[in-house]
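Q: sequence first, then the predicted structure:
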Amino acid sequence: MAQPGSTPAAGGFTLPADWSPHERCWMAWPCREALWAGRIAEARAAYAELAKVIAVYEPVTMIAREGHVVDASVMCGVGVEVMPLAIDDSWIRDTGPAFLTGPAGVAGVAGVDWGFNGWGGKYTPYDNDAAIAEKVLARLGIPRYATPVVLEGGAYTCDGEGTLIITEQCALNENRNPGLTRDGMTQTLKDYLGIHEVIWLAGGLEHDETEGHVDNVARFAAPGVVLAVSPGEPGDDSFDMLTENLARLRATPDARGRRLEIRELPRPAPRLIGGRAVVQSYANFYVANGAVIAPSFDDSNDAKAREIIARAFPKRRFEQVPAADISFGGGGIHCATLEQPAAGAEG
């Protein structure tokens, strides 16, 4: 469908908050065998369980390769729609469109199709994933705004009132956008996501293959409220980066001039699975209609994280689902999901 303006911002579109009303949730069935290193069966079981939990609260569409449709349908059950499309990987947050909503009182949704290069060329092929946003938007009949700038959906978080948080480590990485300056990326984010203030954090967790996706370190829970991963103790991995992130969050006002309220999330203990360092974060949760679905890791901090996240979303039911088998693949619950806002929904 044709674009209604030169940029989404010019057309009156903005990026809503995660907690705005959803039309549905999108997911993508695990399919890159090498990524899962012999554990793809565990990954598929974990994805199916996550889809079932979300489907209690909102419709779920699982994208799957043609040859995987039957298995995905059986494992996910009748409550989850399975859509056959060619994909390379299972992180729809990063490969799908950034869904935007129209101005107040206008029932309309648009989508941004970011450039995608396999997280800086780490995983190939990625041509099917680079095309998935355009295909989804075409099927939905939603206007598409294409941009050559490479960016993944897990790289930013928004408050629905014009403030966006992102990391320099990811968005300005030479393996994504060589030569792109911070000012240039800031303007792109304003033009294509309709936001007004960008808060730049330093980076993400050690061992994170995304090189600093914000959904592992800081998430808006409400306008003016951010759940941020605690640095832990000096000497812990990522301590310096997370300490710098907190300093920047506390020093930078949002688009409405407010100082942010920061609530620190604990960190799960470091974990190796099959010799692989697994990046785990309680910040990697999904906000569904009427619920928040957060990860558990069979860790001593699971209960503390549950208390903090549930308190941040007091009007929603809280679901905590095992996520270690998802995290083994390099992502988390938020990475594996993508909300499509309801037409006319506001942040």
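A: Done, it's in. Keep in mind the model is a prediction, meaning the values are calculated, not measured.
Q: wait, isn't Ala312 in contact with Arg219?
A: No: between Ala312 and Arg219 there is no contact under CB atoms under 8 Å: 9.1 Å. Placement of C-beta: from N, CA and C, glycine included.
Q: between the two, which is the more surrounded one?
A: Each of Ala312 and Arg219 has its neighbours counted (other CB atoms under 10 Å); Arg219 has more, 26 against 22.
Q: would the more buried one count as being in a helix?
A: No: counting by DSSP: H, G, I helix; E, B strand; the rest coil, Arg219 is not found in a helix; it is strand.
Q: residues contacting it?
A: Neighbour list for Arg219: Asp18, Thr157, Val226, Leu227, Ala283, Phe285, His334 [criterion: CB atoms under 8 Å, 6 or more residues apart in numbering].
Q: what about those, which one has the most neighbours?
A: Using other CB under 10 Å as the neighbour criterion, Phe285 leads the contacts of Arg219 with 30 neighbours.
Q: so that residue sits right up against Ile293, yeah?
A: Yes: with contact defined as CB under 8 Å, Phe285 reaches Ile293; the gap is 6.3 Å.
Q: before we move on, the earlier item: quick check: neighbours shared by Ala312 and Arg219?
A: Common neighbours of Ala312 and Arg219, counting by CB under 8 Å, 6+ apart, are Leu227.
Q: can you count the residues close to Glu33?
A: 9.
Q: need the pLDDT of it.
A: Note on Glu33: pLDDT of 96.
Q: next one: Arg176
A: On the pLDDT scale, Arg176 is placed at 96.
Q: now do the contacts for Met83.
A: Here Met83 is in contact with Thr61, Met62, Ile63, Ala64 (criterion: CB under 8 Å, 6+ apart).
Q: can you confirm it is in a helix?
A: No: using three-state DSSP, the secondary structure at Met83 is strand, not a helix.
Q: tell me the secondary structure for Glu303?
A: One correction, residue 303 is Ala, not Glu. The three-state label given to Ala303 by three-state DSSP is helix.
Q: sorry, slip of the keys, the one I care about is Ile165.
A: With three-state DSSP as the basis, Ile165 sits in strand.
Q: quick check: the gap between it and Ala228.
A: To Ala228, Ile165 is 9 Å away according to CB to CB, to the nearest Å.
Q: ok, Ile308 to Gly204 distance?
A: Relative to Gly204, Ile308 is positioned 20 Å away (CB to CB).
Q: the two: which is more packed in?
A: Using other CB under 10 Å as the criterion, Ile308 and Gly204 rank with Gly204 on top: 28 against 18.
Q: what helix or strand is that one on?
A: Of the helices and strands defined by DSSP states H and E, none includes Gly204.
Q: and for Tyr145?
A: Here Tyr145, judged by DSSP H and E, is contained in strand 144-150.
Q: mind checking how far the host helix or strand of Asp129 is from the chain centre?
A: If you go by DSSP H and E, Asp129 is part of helix 127-140. In terms of CA atoms, centre = their mean, to the nearest Å, the centre of helix 127-140 is set 17 Å apart from its chain centre.
Q: from the contact counts, what lies against that helix?
A: Judged by 3 or more CB pairs under 8 Å, 6 or more residues apart in numbering; DSSP states H and E, helix 127-140 is in contact with helix 92-95, strand 109-115, strand 144-150.
Q: can you put the ones you listed in CSV and add distance to Ala269 and mean neighbour count?
A: CSV is the format used below for the helices and strands packed on helix 127-140 (distance: least, CB to CB, whole Å; neighbours: other CB atoms under 10 Å):
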stretch, distance to Ala269, mean neighbour count
helix 92-95, 25, 26
strand 109-115, 34, 22
strand 144-150, 33, 17
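Q: for Trp36, which of these is the nearest?
A: Closest of the helices and strands packed on helix 127-140 to Trp36 is helix 92-95, at 16.2 Å (criterion: CB to CB).
Q: by contact count, what packs against the helix or strand following that closest one?
A: Using DSSP H and E, the helix or strand that follows helix 92-95 towards the C-terminus is strand 98-101. The contact analysis (3+ CB pairs under 8 Å, 6+ apart) places strand 98-101 against strand 109-115, helix 182-193, strand 338-341.
Q: among those, which comes closest to Gly274?
A: strand 338-341 (27.8 Å).
Q: can you list contacts of the closest one?
A: 16, 18, 20-27, 92-93, 96, 99-101, 109, 140, 153, 286-288.
Q: figure out how far that strand is from the centre of its chain.
A: 10 Å.
Q: that one pairs with which strands, parallel or anti?
A: Each strand that pairs with strand 338-341, with its direction, by DSSP bridges: strand 22-28 (antiparallel).
Q: need the contact partners of the partner strand.
A: 47, 50-51, 54, 58-64, 87, 89-92, 95-96, 109, 132, 136, 286, 288-289, 336-343, 345.
Q: where is the longest helix in this structure?
A: Identified as the longest helix of the chain according to DSSP state H is helix 40-55.
Q: show the average pLDDT along that one.
A: For helix 40-55, mean pLDDT is 98.
Q: show me which residues of that helix are buried.
A: For helix 40-55, a neighbour-count test (16 or more other CB atoms under 10 Å) marks 40, 42-44, 46-55 as buried.
Q: what does it contact?
A: Residues contacting helix 40-55 (CB under 8 Å, 6+ apart): 25, 27, 29-30, 33, 36, 60, 62, 71-72, 75-77, 79-80, 90, 286, 288, 293, 319, 321-323, 325-326, 328-329, 333, 336-337.
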